[in-house]
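> Any chance you can model this:
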Amino acid sequence: MSFKSSQAVRKQGQPDMPRRIAVVFPGQGSQTVGMLNELSEEYPIVKQTFSEASEALGFDLWAVCQDEEELVKTENTQPALLAASIAIWRILKEKLDFEPLYFAGHSLGEYSALCAAGSIKFEDAIKLVHARGQFMQQAVIGVDTKMAAVLGLDNSQVTSLCEQVESNHDDTVVSAANFNSPGQVVVAGNTEGVDILSQHIQCMGKRMLPLKVSVPSHCALMQPATDALAEKLAECEFQLPEVPVIQNRYAAQEKTVMAIKKALTEQLSNPVLWTQTMQKLADKHINLIIECGAGTVLSNLAKRQDTPIVTYPTDKPDRLAKLFDKLNEELP
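Numbering: from 1, shown residues only. Below you'll find the predicted structure:
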């Protein structure tokens, strides 16, 4: 099976257009117990990839993925998701003859994107995200924390409300963590800050849904983890990506290794600009996105953007087959 990225696509009422493909990688929240089990039966490279990861970590990462109690631990979730994404990326590279124009990753997924783009070796990336998870967990020991999704308000409204809560209530921490799509902003902070924000949201007749996470990513509570991660990143060897990677910090392609590391460091305590990243892909005339990793979170978010781009998940054999059919279809 092969596919040339120059193959044209036809949209109804429009002339033929060349396919312009981006590959995106999911972050925490996409994991499920037994993820990629079905794919592993058909593609040996899945187990091979997890074996490499296990060797780097010194424990059986595939076994962790079958154990809900272990998988939910942040230091395990992060390498498990990265290994899943790279396993699927290897399947795509083996089965398809194509080169994406851009990579991007949501939070943790940024490490998968940089790994797929040749910026960091797989073994190093696995060790790095395992340490990242440990740093994040250690940063909030003894602190009651929460994350929640705010629905129905725009980015500026959520940001303003968070600032009001922190300004009017001592010892509260709450801020926007993920700008996921128009009308969906995830917030993070200590329990007091998020609960007070929730009261304001309810008074406005809007909804806020709590998320099941063990650490409040992308907020000020992650500053100790940010400092520890900066030291770890300084020890890691990076290269400039072979394919442009749009990073979370500024929804931009960083141009130097130093800037790449700086963006990864600052990402931990600053919001993920996913809405802005998806708009940037639309502005670059991307017309097909592949979600390379566990679950369908990014495929679902893609439908809610101001400029939706058709996105294909890849974590099950039938989903991969649907993508392959799309990429190899003959045009009239």
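
> quick one: the strands in the stretch 1-150 of the chain?
8-10, 16-18, 21-25, 102-105, 145-151 (DSSP state E, counting those that start in this stretch).

> Give the partner strands of the fourth one in its sheet and their orientations.
Strand 102-105 pairs in its sheet with strand 21-25 (parallel), strand 245-247 (parallel), by DSSP bridges.

> Return the most buried member of the ones you listed.
Most buried of the strands paired with strand 102-105, by mean neighbour count (mean count of other Cβ atoms under 10 Å): strand 21-25, with a mean of 27. For every residue, glycine as well, the C-beta is placed using N, CA and C.

> per-residue confidence averaged over it?
In this model, strand 21-25 has an average pLDDT of 98.

> For that strand, what is the distance to the chain centroid?
11 Å (Cα atoms, centre = their mean, to the nearest Å).

> Would you mind listing the outside residues contacting that strand?
With Cβ atoms under 8 Å, 6 or more residues apart in numbering as the test, strand 21-25 has contacts from 5, 85, 89, 92, 98, 100-106, 109-110, 112-113, 116, 281, 284, 286, 288-293, 298, 309, 311.

> picking up where we left off before, ok, which of the strands of the stretch 1-150 of the chain comes nearest residue 190?
strand 145-151 (5.6 Å; Cβ to Cβ).

> So which residues make contact with that closest one?
158, 177, 180, 183-191, 194-195, 197-198, 201, 206-211, 213, 215-217, 221.

> From the residues you listed, list the buried ones, please.
Among the contacts of strand 145-151, those classed as buried by 16 or more other Cβ atoms under 10 Å are 158, 177, 180, 184-190, 194-195, 197-198, 201, 208, 211, 213, 215-217, 221.

> quick one on the thing from earlier: out of the strands paired with strand 102-105, which is closest to residue 137?
Residue 137 lies closest to strand 21-25 among these, at 21.9 Å (Cβ to Cβ).

> Need the CA coordinates for the closest one. PDB is fine.
Taking Å, rounded to 0.1, in the frame of the first residue of the first chain, the C-alpha atoms of strand 21-25 are listed here in PDB:
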ATOM      1  CA  ILE A  21      -1.600  16.600   5.700                       C
ATOM      2  CA  ALA A  22      -0.800  17.300   9.300                       C
ATOM      3  CA  VAL A  23      -0.300  14.700  12.000                       C
ATOM      4  CA  VAL A  24      -1.300  15.400  15.600                       C
ATOM      5  CA  PHE A  25      -0.600  13.500  18.800                       C
END
